[in-house]
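J.: Quick one, what's the 3D model for this:
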Amino acid sequence: MPKTAAVTSSSTASGAPAAQRPRVVIIGAGFGGLEAAKALARADVDIVVIDRTNHHLFQPLLYQVATAGLHAPAIAAPIRHILRHQIASGQLTVLMGEVTGIDAASDCVVMNGGEHLHFDHLIVAAGATHSYFGNDQWAKYAPGLKTLGDAFTIRRRVLTAFEHAERETDPVAREPWLTFAVVGAGPTGVEMAGTMAEIAQHTLSEEFRRIDSRSARVILIEGAPRVLGTFPEDLSEKARTQLQGLGAEVLTGAKVTNITAFGIHYDLQEPGPDGQPRTVSHFLPARTVVWAAGVAGSPLGRALAKSTGCQLDRAGRVLVESDLTVPGHPNITVVGDLASAKSYLDPEHPAPVPGVSPAAKQMGRKVALNLIRRMKGLEPQAFRYFDYGSLATIGKRAAVAMIDIPFTSKKIKFSGFPAWLFWLFVHVYFLIGFRNRMVVFMDWAWAYFTSQRHARVFPDPHALEPNTMLVKVPGVVVSNPPAPTQQQHNASASSTMAPGSRAA
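T.: Numbers count the residues shown, from 1 in each chain. The predicted structure is shown next:
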């Protein structure tokens, strides 16, 4: 018999017991899931939010944690604190755990540990993960950037690379430690490459004796012909120019074929002796590689497809209806990066919805509104995405921006310092919590005037391991004590060792 998770709440203000209210289960407390929970605050429903971490993460600034510009608490906040008012009212419960399956036939989600949690309405906002295009073995050499754990891993690898270079006496062996590669020139890749170049050129320039950090190479590798492929060509070229101005190298049209602990193999189209293009294989020695080339839908997308028969796109995202429901299952909706959705601003020509945080927020609000409409007996509405524009920062005083003018088809494009200022204030504004905004603003102000990054602490890789060896005695596991003197050993051996026991 599967275990059923008991989730109860007190009565609502209207007097209806929580047990009689429809239960809404929300998987994931990212932008979409959190927005849906907030939008249901006044609805007569019982809400359960499930997330495998205890915090909501402001992912657009995650690269700042990875590059030691910000501390983790500046861009993350406890889920329970964000939703504390709904928890206190008895409407909402937060469960920290991982959903391993969805049983659409019995309207249950399956959690790690075997608990089955019933739902009347399910909102799947499980997000996305890294995609290595069938080469998952590259992950251990080229970490992606989706979680705080990823950010800490990248931070440690970047900073320890300089430490390895400082200790290396052979110039040839030192060079790969001072070569940093970023694969993928979307917004995350561009931001990572520009910031890593700033670290090498400014932050660490006076902190080593044996090496000159300014000699480090930061190479941005992109398979497409240009960086920031979703931006107009003129802004893409300006981004490339600004990256090069910061000291980064940009390599476009390069197809990565393998990644190892020692570097990257890639193919490049080059003119042959006859003037015709040919494929030439190259190897870039680099001990630090960051993956920013692809994303895929959460594995829960496959679980949902198996349970409901819904279709997935090539990236593993769920193909949803116009109102973001799963076909044939009006009580199951998918939002955020896991949804392959379309916007119906023009019903005759629906447009694909990009995988960005504003879209996830709008989806979360829409599914909450439609849920309330269904409870009132009204028809759900089609999702309409309002695109406010695109931003990408490259480094200090360097960014590109494309802003939509409301109620028109016109866009404003600008770059450089004005775009960087605009990007800064937009991201500070959307951070959760007044304290977070102040901390980020002060850290950035300090970094702007000093080029210093003081979040350069990372845990010892061995810190998660016991500091002492473990001795295994039949039936007992104890820490290995300091070695006794011979006199102590002789005095205690006969009294402490049971007959037939062996010293480990």
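J.: which residue packs closest to residue 283, ignoring adjacent ones?
T.: Spatial nearest neighbour of residue 283, excluding adjacent residues (CB to CB, 6 or more residues apart in numbering): residue 265 at 5.4 Å. Every residue, glycine included, has its C-beta placed from N, CA and C.
J.: just residue 204 next, same as before
T.: Excluding the flanking residues, the one nearest residue 204 by CB to CB, 6+ apart is residue 213, at 4.0 Å.
J.: residue contacts, the one you found?
T.: Counting by CB atoms under 8 Å, 6 or more residues apart in numbering, residue 213 touches 162, 178, 199-201, 203-205, 207.
J.: and if we set it to 6 Å?
T.: By CB atoms under 6 Å, 6 or more residues apart in numbering, the residues touching residue 213 are 200, 204-205.
J.: Relative to residue 352, which of those residues is nearest.
T.: Minimum distance to residue 352 across the contacts of residue 213 is 37.4 Å, recorded for residue 200 (CB to CB).
J.: so the closest one, which of the three states?
T.: Secondary structure assignment for residue 200 (DSSP: H, G, I helix; E, B strand; the rest coil): helix.
J.: What is the neighbour count of the closest residue in space to it that isn't next to it in sequence?
T.: Nearest residue to residue 200, sequence neighbours excluded (CB to CB, 6+ apart): residue 216, at 4.0 Å. Residues near residue 216, counting by other CB atoms under 10 Å, number 23.
J.: For residue 28, see how far away residue 216 is.
T.: Between residue 216 and residue 28 the computed distance is 38 Å (CB to CB, to the nearest Å).
J.: where does the chain dip in pLDDT?
T.: Applying pLDDT under 70 to the chain flags residues 1-19, 433-435, 461-504.
J.: part of a strand, is the residue nearest to residue 283?
T.: Yes. According to three-state DSSP, residue 265 belongs to a strand.
J.: count of residues packed around it?
T.: Each residue near residue 265 was counted by other CB under 10 Å, and the total is 14.
J.: one step back: with distance to residue 288 and neighbour count as extra columns, can I get the contacts of residue 213 in a markdown table?
T.: Putting the contacts of residue 213 into a markdown table (distance: CB to CB, whole Å; neighbours: other CB atoms under 10 Å) gives the following:
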| residue | distance to residue 288 | neighbour count |
| --- | --- | --- |
| 200 | 11 | 24 |
| 204 | 14 | 21 |
| 205 | 18 | 13 |
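J.: three-state assignment of residue 448?
T.: Recorded secondary structure, residue 448: helix (three-state DSSP).
J.: same thing with residue 95?
T.: What three-state DSSP gives for residue 95 is strand.
J.: For it, name its beta-bridge partners.
T.: Bridge pairing for residue 95 (DSSP bridges) gives the partners residue 50.
J.: All further residue positions should be reported with the first residue as 57.
T.: From this message on, residue numbering opens at 57, which makes the last subject residue 151.
J.: number of nearby residues for it?
T.: When counting by other CB under 10 Å, one arrives at 17 neighbours for residue 151.
J.: for residue 96, same thing?
T.: Neighbour count for residue 96, taken as other CB under 10 Å: 26.
J.: doesn't residue 424 make contact with it?
T.: Yes. Counting by CB atoms under 6 Å, residue 96 touches residue 424, with 4.9 Å between them.
J.: and the residue nearest to residue 339, how far is that from residue 306?
T.: Residue 321 is 19 Å from residue 306, by CB to CB.
J.: Likewise for residue 102?
T.: As judged by CB to CB, residue 102 and residue 306 stand 52 Å apart.
J.: Check residue 84 too.
T.: Going from residue 84 to residue 306 by CB to CB gives 35 Å.
J.: Of those two, which one has the most company?
T.: residue 84 (29 against 19).
J.: residues contacting the more buried one?
T.: Counting by CB under 6 Å, 6+ apart, residue 84 touches 107, 181-183.
J.: Apart from its chain neighbours, what residue comes closest to it?
T.: Among residues not flanking residue 84 along the chain, residue 181 sits closest, at 3.8 Å (CB to CB, 6+ apart).
J.: picking that back up, out of the contacts of residue 269, who's nearest residue 513?
T.: Lowest distance from residue 513 to the contacts of residue 269 (CB to CB) belongs to residue 260, with 14.6 Å.
J.: I figured residue 220 hits residue 234, correct?
T.: No. Contact between residue 220 and residue 234 fails when scored by CB under 6 Å: they sit 9.2 Å apart.
J.: okay, those two: which has more neighbours?
T.: More neighbours surround residue 234 than the other of residue 220 and residue 234, with 23 against 16 (other CB under 10 Å).
J.: any idea how far residue 395 is from the residue nearest the centre of the chain?
T.: With distances taken as CA atoms, centre = their mean, the residue of the chain nearest its centroid is residue 202 (1.8 Å). Residue 202 sits 17 Å away from residue 395, going by CB to CB.
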